[in-house]
Each structure stands twice: as structure tokens, then as C-alpha cells.
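A.B. asks: curious how this folds, go ahead:
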Amino acid sequence: MICGGCGAENSEDALFCARCGEDLSVEKGGGGGGARGESPLDADALTAGEVVDAHPDSRNVLPRPPSAGSRPAITCAPPYHGPYATPRADGLCVAGMVLGVMGLTLFWIPFLSVPCGILGIVLGSIGIKNVQEEPQNRTGQVLGVVGVVTGTLAVLAGTAMFILYVVAFVNW
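C.D. replies: Residues are numbered from 1 along each chain as shown. The predicted structure follows:
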């Protein structure tokens, strides 16, 4: 059987053209006009299960069936997330915030709150400077600001509690 699409010779029992994948069942149907250019909508010539084109210019082009030994190609690609890694929070900003909050919550123990507050101020300030130098690679400037503010409050509250303890001890 000769393919109407590419002119290749195919076996008589072939459903698709071996070269181009053209549907050969329309040409084998016997009715329906046979050739592609003719209208296949002749009601007397149609038989059950025959493939019919609704428009004479339309083509039933089906994909070529896979050969017996071939594997399907993998068309799935991993998701693309861009060439750069996402920025991460600066560790010094996080450490400054943790120490500042810890010093503020332990204000009633001056020997813990004052050193934690000072470390919170120092680490938060260094972290803010690091974020400002590399804004494309680091984030967390707000955490550094929270560390500086809570560290300052921790130092003030710890100093006030130390003064209260000294005054209470002297008056005792």
C-alpha cells in the first residue's frame, strides 16, 4: 500500500505509514471516497468503524507508533530555580536577636542580662553591617535591629536591677 502523505511503500496490513506516521486506515476503508481530496461523507459507502474526515482538507495525522524495542524519551526536566541560591538570614543577626531577647527576659539577674545584652548589641551590629555589604546573599537586617534594641534594653534593665540590689543590700 502506498502512503498518500509521503508516497512510501507499506505492507497491506499496516495501519500507519512506516516513514511519516500517516493514518492508512482511511485509504483501506473501501468507502468514503478513498483519496484524501474527495469528500468521505457518502452515507451509502460508510461502514461501521471507518475513520471519516469531517472536512476534505483536514488530515488525521496520528503520532508514529513506537517500535518494539524503543523506550519512550524522557521529556520531563527538573524545575528551574534560577542561577542563584536564595538569600539566607545572617547568623550574627539571629544570634544578636536571641542574646538580646534572652538578656531582656533575664533582666532580674544582672550578671546574666548585662553580658547577654552587650553580646546582642555587638553581634546584631556586625550582622547588620554584613547584610548591608552583601544584600544579594544575606537577609535578616530586621533581626539584627531587634538584637540591638533588645540588647540595649537588657543592659539598661540589668543595670537598674543591679543598682536596686546594691541599694537594698546597703539599707538592709
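A.B. asks: remind me what the longest helix along the chain packs against, helices and strands.
C.D. replies: If you go by DSSP state H, the chain has its longest helix at helix 141-171. Helices and strands touching helix 141-171, by 3 or more C-beta pairs under 8 Å, 6 or more residues apart in numbering; DSSP states H and E, are helix 91-105, helix 110-133. The C-beta positions use only the backbone N, C-alpha and C, and glycine is treated the same way.
A.B. asks: same thing but 10 Å
C.D. replies: Using 3 or more C-beta pairs under 10 Å, 6 or more residues apart in numbering; DSSP states H and E as the contact definition, the elements that helix 141-171 packs against are strand 88-89, helix 91-105, helix 110-133.
A.B. asks: looking at the ones you listed, which is buried most?
C.D. replies: Mean neighbour counts were taken over the helices and strands packed on helix 141-171 using mean count of other C-beta atoms under 10 Å, and the top value, a mean of 22, falls to helix 91-105.
A.B. asks: so that one versus helix 141-171, what angle?
C.D. replies: Helix 91-105 and helix 141-171 are oriented at 30 degrees to each other (axes from the mean of the first three to the mean of the last three C-alpha atoms, to 10 degrees).
A.B. asks: and helix 91-105, what does it pack onto?
C.D. replies: When contacts are defined as 3+ C-beta pairs under 10 Å, 6+ apart, helix 91-105 packs onto helix 110-133, strand 138-139, helix 141-171.
A.B. asks: nice, that's everything, thank you.
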